[in-house]
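Peer 1: Sequence and computational prediction follow.
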Amino acid sequence: MRATQLLISTLKETPADAEVISHQLLLRAGMIRKLEANGLYNWLPLGLKVLRKVEKIIREEMDKSGAQEVLMPVVQPADLWIESKRWEYYGAELLRFKDRHDREFCLGPTHEEVITDIARRELRSYKQLPINFYQIQTKFRDEVRPRFGIMRAREFIMKDAYSFHLTQESLQQTYDVMYETYSSIFSRLGLQFRAVLADTGSIGGNKSHEFHVIALSGEDAIAYSDQSNYAANVELAEAISPVISRSQATQELKKVSTPNQHSIEDVSNFLNVSPEQCLKTLIVYGKEDGLVALILRGDHQLNVIKAAKHELIASPVVFASNEEIKETIGCEIGSIGIIDLKIPMIVDRSALQVSDFVCGANEDGFHLTGVNWGRDLPEPTNIFDLRNVVENDPSPDGSGHLKIARGIEVGHIFQLGEKYSSAMQAKVLDETGRAVTMTMGCYGIGVTRVVAAAIEQNHDEKGIIWHDSIAPYQIVLTPMNMHKSKRLEIASEELYKKLIAAGFEVLFDDRKERAGVMFADWELIGIPHRLVISDKGLDEQTFEYKGRRDKDAQKISADQLIDFLKSKIGNNAM
RNA sequence: CGGGGUGUAGCUCAGUUUGGUAGAGCACUGCUUUCGGGAGGCAGUUGUCGGAGGUUCGAAUCCUCUCACCCCGACCA
């Protein structure tokens, strides 16, 4: 490709509404542009090149896994969604509208209904199973608050796959294949990623993994062991109770005045004890009427997803209002304590381990010190894992300690079970001739999000750094002052053709631009390999090469150039 | 949906307090130079001042309404 024939719309300045680095760089590199409305983006030629490469790798690996590609409409009839009950439950994220005949439709945020409809029409026999369909298709979710550019846009491209099975064992097998396939995909994309155990949430099912690209700007926190393969979303990661037993009580129970000291930070500073030595009491609504107290160590954070799984706690977790707390317990939020609480109490495992602790006195302006389980109040009976794991907690698999990293969720695989197949009567005959509801798996990759995630992970102050496999072009050929040297022009044209013949994806910067402009543009756009051709170099039969991450350029003799480039770029992108 | 902020040239922004008829830098066009790191010079082009209504001799500026976008939160798998 010649630069004079390519839309190069680089910006020197960062548009004011771009918050995250991937959004800024995609805009500045001229890869995407926002359409008038919020959360909708145009893909310009250079950006689309990248997107298509990501799609190609996904497609190749999915095909290799034995999945088959289909294409389903973006517009979906309401009837199917009514059948699955999601017309009622999906909420405002589902963009609904009517056609000219007043029939109701929606824009597909996902395609479970449609694929299940295909399956129930086309699949008749267990002999056709297992089967795995995928598509790469545009989705629309009317997000409450789209943000971060293409990271969380309203319209986006997703690779979604749906598998159908007669048995759980079969589902597990395909699930494992997808796990491996995803690992291959993200490896080929050149991403540093981690597969983590995930909460299955309201979709249900018994097993789920998220694939996260590790990046400081990630929206999710993930916990992983420093010594084993264990990794889980912090939402899910289990906080193991340390094996150490509680120390003996050494202090007297005392009531102390703590005027205007409310937060754990206030109280621990005021009494000169560490937050670990304090217990905090959070009041939430119970599943039945009434309130429930949750007891955590002062330095720990409540994990609302874990808490919502407790049988006494309302799901989702809702904190009690100040008025109700005052009415039921008799004090303000900052002074709630554990002794003589009149409501059910659920104690985090770690809170159980503390002796001589500090807690509220259930009386405004007072706390208790030297409190001990068993001595000053009964040993708790209701013990639960309520908190977020923190750095250096023991790993739940017993091997090593947990580290915390930020991740961008780019893929999610889970076992759906029969939620859609049973609601929509998707059945096949088994070997005894009996109609059996199929069980399903579902596997997504946010294709457009992958592009953003790749940038979040790979950029510097000059711009994007694409991995060879997804760069819009592998090599950029930049001649120095070509318009002044006929000899250089001829040599550049020759080299351009030679590189193409050798199988490289090469961009020839034939613009009449100064060197600095060319260099700055291609560094911003993130072309991984740069060749400079100059009169000086022609004299000594060399070209100058610089990798996007290299500090300095190096001279390569003309006769070795192709071999050199092949060794640099390798086969992964060819 | 709640809170905060911003709307002026393609981009970044000044001008609004104190009303007087629209600006800078970058970008873009042409020419030019000492042309390997977003260079310099000369000459140009670019606006419903987000929209509607009002006050006024006169509104980007004051008032009312409205729309859009951004940030924080809530929501969401």
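Peer 2: Perfect, I can see it now.

Peer 1: And the residue of chain A closest to RNA strand B?
Peer 2: Nearest to RNA strand B, among the residues of chain A, is residue A:516, at 2.3 Å (Cβ to the nearest atom of the strand). Where C-beta positions appear, they are placed from N, C-alpha and C, glycine not excepted.

Peer 1: contacting residues around the strand or helix carrying that residue?
Peer 2: Applying DSSP states H and E as the criterion places residue A:516 in helix A:515-525. If you take Cβ atoms under 8 Å, 6 or more residues apart in numbering as the criterion, helix A:515-525 is touched by A:8, A:10, A:25, A:28-31, A:46, A:462-464, A:472, A:476, A:478, A:480-481, A:507, A:509, A:511, A:513, A:530, A:548.

Peer 1: tell me how far it is from the chain's mean position?
Peer 2: Taking Cα atoms, centre = their mean, to the nearest Å, one finds helix A:515-525 lying 31 Å from the centre of the chain it belongs to.

Peer 1: Report the buried residues of it.
Peer 2: A:518-525 (16 or more other Cβ atoms under 10 Å).

Peer 1: The helix or strand of chain A with the lowest mean pLDDT - contacts with which helices or strands?
Peer 2: Taking mean pLDDT, DSSP states H and E as the measure, the helix or strand of chain A with the lowest value is helix A:322-329, at a mean of 80. Under the contact criterion of 3 or more Cβ pairs under 8 Å, 6 or more residues apart in numbering; DSSP states H and E, helix A:322-329 touches strand A:279-285, strand A:291-297.

Peer 1: In contact with residue A:395, which residues?
Peer 2: A:225-228, A:230, A:240, A:401-402.

Peer 1: Just the buried residues of the residues you listed.
Peer 2: For these, buried by 16+ other Cβ under 10 Å: A:225, A:230, A:240, A:402.

Peer 1: Lowest pLDDT pick from the residues you listed?
Peer 2: Within these, the minimum per-residue pLDDT falls on residue A:240 (82).

Peer 1: Tell me who's in contact with residue A:108.
Peer 2: Contacts of residue A:108 (Cβ under 8 Å, 6+ apart): A:72-76, A:114, A:137, A:139-140.

Peer 1: Buried by neighbour count, from those: which ones?
Peer 2: Using 16+ other Cβ under 10 Å, the buried ones in these are A:72, A:76, A:114, A:137, A:139-140.

Peer 1: Show me where the stretch 101-250 of chain A has its strands.
Peer 2: A:104-107, A:131-140, A:155-165, A:193-197, A:208-214, A:220-225, A:231-233 (DSSP state E, counting those that start in this stretch).

Peer 1: Run through who's touching the second one.
Peer 2: With contact meaning Cβ under 8 Å, 6+ apart, strand A:131-140 is reached by A:55, A:58-59, A:62, A:65-72, A:74, A:95, A:107-111, A:115, A:118-119, A:123, A:154-164, A:174, A:178, A:441, A:443, A:447.

Peer 1: Which of these fall within helices?
Peer 2: A:55, A:58-59, A:62, A:115, A:118-119, A:174, A:178, A:447 (DSSP state H).
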